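> Test case, fold it:
(chains A and B)
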Amino acid sequence: EAGVTQSPTHLIKTRGQQATLRCSPISGHTSVYWYQQALGLGLQFLLWYDEGEERNRGNFPPRFSGRQFPNYSSELNVNALELEDSALYLCASLRGPTYEQYFGPGTRLTVT
Amino acid sequence: GQQVMQIPQYQHVQEGEDFTTYCNSSTTLSNIQWYKQRPGGHPVFLIQLVKSGEVKKQKRLTFQFGEAKKNSSLHITATQTTDVGTYFCAGPPSGTYKYIFGTGTRLKVLA
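Numbering: from 1, shown residues only, chains lettered A, B, ... in the order given. Below is the predicted model:
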């Protein structure tokens, strides 16, 4: 079965711009989690989508938002980019919130 | 806030030595998951523990979930160079599905 895919692989933006990151989960998986991983650090929970709805969000400002589409793919939007938003953004696909997480390769966002 | 700490932060071992990383949560967790992330890669699922006191083994890896469901450990017997990477624990506080990842333990294995 195909794994989790994310696009783009790399994204370079300037401060104040907006970024859109995309995630396609494994077929049959309805839950998508988004995480931020700053260089050399751990994963910080951003957002959880399940069955098309936002179920929970982490301690991030409202300029981090997203959505999940009817085919369960997901999009993460970051508005008014700041330098500290530079990080690897990972999405994870699950059959449901109590199951193991399958991670995509990530999108490396660089804000200059 | 809710935190999950892992110790040690770094560990260098000679190939063939054993390795253990400990995971401690400030709050009770519904379950604990362990992931391995190779340098430049993404986290890969290793195992999930759900029951209090649960112990699971995968070849040279042994995982434990504490009785209070607030701590966990991963023990690797006779490390190999392929074990290199960062090991993360993760779990949702009871009653939530908001996964909190541990701070990670970076393992280096010297041949």
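
> What sits closest to the spatially most central residue of chain A if chain neighbours are left out?
Centroid check for chain A by C-alpha atoms, centre = their mean gives A:W34 as the closest residue, at 3.5 Å. Among residues not flanking A:W34 along the chain, A:L46 sits closest, at 4.1 Å (C-beta to C-beta, 6 or more residues apart in numbering or on different chains). Heads up, the C-betas are built off the backbone N, CA and C, glycines and all.

> Give me every residue in chain B lying close to chain A.
B:1, B:30-31, B:33, B:35, B:41-45, B:48, B:88, B:90, B:92, B:96-104 (C-beta under 8 Å from any C-beta of the partner chain).

> rerun at 6 Å
B:42-43, B:45, B:48, B:97-99, B:101, B:103-104 (C-beta under 6 Å from any C-beta of the partner chain).

> Which residue ranges of chain A form strands?
For chain A, the strands defined by DSSP state E cover A:5-7, A:10-13, A:19-24, A:31-37, A:43-50, A:53-57, A:64-68, A:74-78, A:87-94, A:102-103, A:107-111.

> Dump those to JSON lines, plus distance to B:D18.
Compiled in JSON lines, these are given as follows (distance: least, C-beta to C-beta, whole Å):
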{"stretch": "strand A:5-7", "distance to B:D18": "36"}
{"stretch": "strand A:10-13", "distance to B:D18": "39"}
{"stretch": "strand A:19-24", "distance to B:D18": "37"}
{"stretch": "strand A:31-37", "distance to B:D18": "28"}
{"stretch": "strand A:43-50", "distance to B:D18": "26"}
{"stretch": "strand A:53-57", "distance to B:D18": "38"}
{"stretch": "strand A:64-68", "distance to B:D18": "41"}
{"stretch": "strand A:74-78", "distance to B:D18": "40"}
{"stretch": "strand A:87-94", "distance to B:D18": "30"}
{"stretch": "strand A:102-103", "distance to B:D18": "27"}
{"stretch": "strand A:107-111", "distance to B:D18": "35"}
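
> Cheers, nothing more for now.
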